[in-house]
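> when you get a sec, could you give me coordinates for this:
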Amino acid sequence: MAVSIDSKNGSAGTTGVAGTASSVNSTLPSGTEQSTSTRKALRPFWRSTGLLTLSIVAILDIVLSYLYFSLYKTHQQAVTVEQKESRHLIEMASTLASLAEKPKLVLLGSSVMAMPFFLLDQKESGDKNADYFTRKFDIRSLDNAFFHGQKNAVIGLGTDAAMVPDSYFLTHKFLLKEHKPEWIVLGLAPRDFSDTGPVKPSDSYQFQDLSELSDFPWTSQSYLADFNDASAYIASRLSFLYGQRAPIQDRARDQYLKLVSRMVPSEALPKPALPEESFSETDSAKRWNSSLKEYRRHYRDLNPGRIETSFAYLQRLFKLCKDENIKLIVVNMPLSKDNQKMLPQGFYENYKNRLQKCTATGGVRYIDASAQDFSRDEFSDTAHLNEIGATRLQQLISSEIQP
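So this is what the prediction gives:
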């Protein structure tokens with residue numbers, strides 16, 4: 001490369017450098033054009049591949065959804081309490097939709113409301129083989145006691161492990177418009193306000209199994225106010241694979257544990273602690289002790305935040321019933337003395353006082369059944385009345401409905 005010195009201004013000539021730069025620059029456009037043309041050539045390929053992938057996923061999603069809901073979901077064996085109650089709820093929704101006339105009275109709450117009248121119906125019908133998890137929705141004993149035996153006059157929508165937000169959800173979902181009853185009787189106990197189960201109201205199996213995308217306009221205002229919850233909810237309703245991600249993960253974990261169990265001696269593996277199901281125990285003494293263990297677990301974490309959330313949903317239910325002209329009765333369900341002793345000191349009295357004030361402020365009828373001093377002989381276990389206790393409870397409700 002030649003570099004000349006200008007004698008007049010002492011500047012270095014750049015003839016060779018300019019020539020080199022020019023030659024380099026001359027090659028840049030062609031390289032850029034080649035890169036651009038390559039991207040243009042690849043772009044249709046990626047577009048078609050992406051479209052094909054999405055199409056395959058969509059078809060797989062539809063096929064799996066059909067197989068699950070038409071075949072597997074119908075015939076799978078329900079093992080856990082939640083699975084049994086989930087299936088019962090789905091059948092309930094179908095039964096309720098098929099009713100020719102709207103019910104006059106609906107029972108809401110957890111098993112503390114559902115179990116006593118199931119046992120009373122079982123006694124009156126003489127069906128000793130009746131199964132709680134396949135119980136009928138028509139409460140015949142109350143049909144006879146309140147409405148001269150009119151069939152389907154009293155419907156039981158109490159579900160196992162239901163919390164206060166679940167009762168609000170079931171009311172809003174099923175008990176408005178053509179199925180609006182004249183009365184709702186809501187049975188409550190401390191466990192219905194705080195439990196060791198799902199933290200968010202939208203995580204309950206009642207909400208997960210029965211809520212639909214068409215419910216989003218009103219569920220988004222209460223259950224899905226958080227953006228992440230709302231996004232996950234919409235995705236789970238639009239995509240079967242996304243909606244079933246938790247069961248898929250559970251099944252993958254189970255298969256992994258089976259594989260590990262073949263490699264590791266069984267005595268070295270931790271034994272999972274299964275929740276107690278006190279009402280499934282046939283021996284009365286064992287059932288009572290099983291109930292004590294169960295409610296120690298329920299009362300392990302009486303979270304103030306969850307209690308506040310439950311009372312907020314209770315007030316929403318008050319307003320909803322008032323707006324819909326539904327007569328609501330709240331019943332503080334009785335608990336055995338053994339059960340009450342497991343609660344923190346002073347908790348039960350504070351709970352009852354707050355519940356009474358809340359109903360008074362909301363203009364809702366209130367029955368404190370715990371003040372009736374139910375004996376141990378009237379309980380099936382520490383928290384659920386038997387058919388004898390249910391008869392007394394029926395009389396308390398009757399005094400409000402038919403004064």
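
> and Ala225, how many neighbours?
11 (other Cβ atoms under 10 Å). In short, each C-beta sits where N, CA and C put it, glycine included.

> part of a helix, is it?
No - when DSSP: H, G, I helix; E, B strand; the rest coil is applied, Ala225 is found to be coil, with no helix at that position.

> phi, psi of it?
phi -70, psi -30 (degrees, to the nearest 10).

> where do the helices sit along the stretch 51-200 of the chain?
Applying DSSP state H, counting those that start in this stretch to the stretch 51-200 of the chain gives helices spanning 73-75, 81-98, 111-125, 140-147, 164-174.

> helix 81-98 and the last one, what's the angle between them?
By that I understand helix 164-174. For helix 164-174 against helix 81-98, the angle by axes from the mean of the first three to the mean of the last three Cα atoms, to 10 degrees is 30 degrees.

> for helix 164-174, packing partners?
On a contact count with 3 or more Cβ pairs under 8 Å, 6 or more residues apart in numbering; DSSP states H and E, helix 164-174 meets strand 105-109, strand 183-188, helix 205-210, helix 304-323.

> ok, 10 Å please
On a contact count with 3 or more Cβ pairs under 10 Å, 6 or more residues apart in numbering; DSSP states H and E, helix 164-174 meets helix 81-98, strand 105-109, strand 183-188, helix 205-210, helix 216-219, helix 304-323.

> that older thread, pipe the helices of the stretch 51-200 of the chain into TSV and attach mean neighbour count and mean pLDDT per row.
TSV is the format used below for these (neighbours: other Cβ atoms under 10 Å; pLDDT from 0 to 100):
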stretch	mean neighbour count	mean pLDDT
helix 73-75	10	47
helix 81-98	16	79
helix 111-125	22	95
helix 140-147	20	94
helix 164-174	24	96
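
> quick one: which of those is nearest Asn332?
Comparing the helices of the stretch 51-200 of the chain against Asn332 with Cβ to Cβ, the closest turns out to be helix 111-125 (10.2 Å).

> for Asp373, find the nearest of the helices of the stretch 51-200 of the chain.
The nearest among the helices of the stretch 51-200 of the chain, by Cβ to Cβ, is helix 111-125 at 16.4 Å.

> from the middle of its chain, how far away would the closest one be?
Helix 111-125 sits 24 Å away from the centroid of its parent chain (Cα atoms, centre = their mean, to the nearest Å).

> got it, and stretch 92-103?
Computed by Cα atoms, centre = their mean, the chain-centroid distance of stretch 92-103 equals 22 Å.

> now the terminal residues of it, how far apart.
Start-to-end span of stretch 92-103 (Cα to Cα, to the nearest Å) is 13 Å.

> same check, this time on stretch 372-386
So stretch 372-386: terminal residues 15 Å apart, Cα to Cα.

> tell me how far it lies from the chain's centre.
28 Å.

> list the buried residues in that stretch.
Phe374, Glu378, Phe379, Ser380, Asp381, Thr382, Ala383, His384, Leu385, Asn386 (16 or more other Cβ atoms under 10 Å).

> cool, stretch 332-345 as well?
Asn332, Met333, Pro334, Leu335, Ser336, Asp338, Asn339, Gln340, Met342, Leu343.

> export those as a markdown table, with columns for distance to Ser220, pLDDT and secondary structure.
Listed next are the buried residues of stretch 332-345 as a markdown table, based on distance: Cβ to Cβ, whole Å; pLDDT from 0 to 100; DSSP: H, G, I helix; E, B strand; the rest coil:
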| residue | distance to Ser220 | pLDDT | secondary structure |
| --- | --- | --- | --- |
| Asn332 | 32 | 98 | strand |
| Met333 | 32 | 98 | coil |
| Pro334 | 37 | 97 | coil |
| Leu335 | 36 | 98 | coil |
| Ser336 | 41 | 97 | coil |
| Asp338 | 42 | 97 | helix |
| Asn339 | 37 | 97 | helix |
| Gln340 | 39 | 97 | helix |
| Met342 | 38 | 97 | coil |
| Leu343 | 35 | 97 | coil |
